[in-house]
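> How does the following fold in three dimensions:
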Amino acid sequence: MDTAMTQEELEEMLDRAVREVTEQTAGVRLQPGGELLGKDLCTVHISFRRGFRTSLTLCADTALLARMARNALGEEALTDQDLEDFGKEYFNILCGKIAAVLFQNTKVPARFSVPAFYRGRYAPENHQAQFMLTYANEHQEGAQLTHHVPRSGEDGADRNEI
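Numbering: from 1, shown residues only. Here you go, the predicted model:
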């Protein structure tokens, strides 16, 4: 059984998942492309713990994440904790969809870590970016989903690569 996906297939699958989950959970339509992110950023990160040895980060303008949280929660006033909780739950939903689609395509069951939230830009140690998908909404607020792979010689050789 062939369990590998080409980078193009993976990018297409991740793009579709990001746009569908974002619109369904937060009522925000993201379009590919857009400007570089601003300086006020938040990042949510997961690592695959089983099935694959990659990780994902979603780095977004705080204004975009707040817009998504307000839409999803139905509240205008947000605390920093609300923003963090929403960011982690949103990414958990997104990564759950990604894990399900990965299984459909590769037959490899993937398990991922609990999402971690960071203020600013975050990149996982001992990993490098393989590719990045960039998005913007109609307010020119941006987000970037980055697929990270282990640097050469790092652990995880017993796991599949996507």
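
> What ranges does the chain have for its helices?
7-26, 62-73, 80-106 (DSSP state H).

> and of those helices, who's closest to residue 146?
helix 7-26 (10.0 Å; Cβ to Cβ). In this view, the C-beta of every residue, glycine as well, is placed from N, C-alpha and C.

> now the closest one against helix 62-73, angle please.
Angle of helix 7-26 versus helix 62-73, following axes from the mean of the first three to the mean of the last three Cα atoms, to 10 degrees, is 60 degrees.

> Against which helices or strands is the helix or strand bottoming out on mean pLDDT in the chain packed?
Ranking every helix and strand in the chain by mean pLDDT, DSSP states H and E puts strand 111-112 at the bottom, with a mean of 89. Packed against strand 111-112 by the contact rule (3 or more Cβ pairs under 8 Å, 6 or more residues apart in numbering; DSSP states H and E) you find strand 41-50, helix 80-106.

> Present the ones you listed as CSV; the columns should include distance to residue 67, mean neighbour count and mean pLDDT.
Output for these, formatted as CSV (distance: least, Cβ to Cβ, whole Å; neighbours: other Cβ atoms under 10 Å; pLDDT from 0 to 100):
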stretch, distance to residue 67, mean neighbour count, mean pLDDT
strand 41-50, 12, 21, 92
helix 80-106, 11, 18, 94
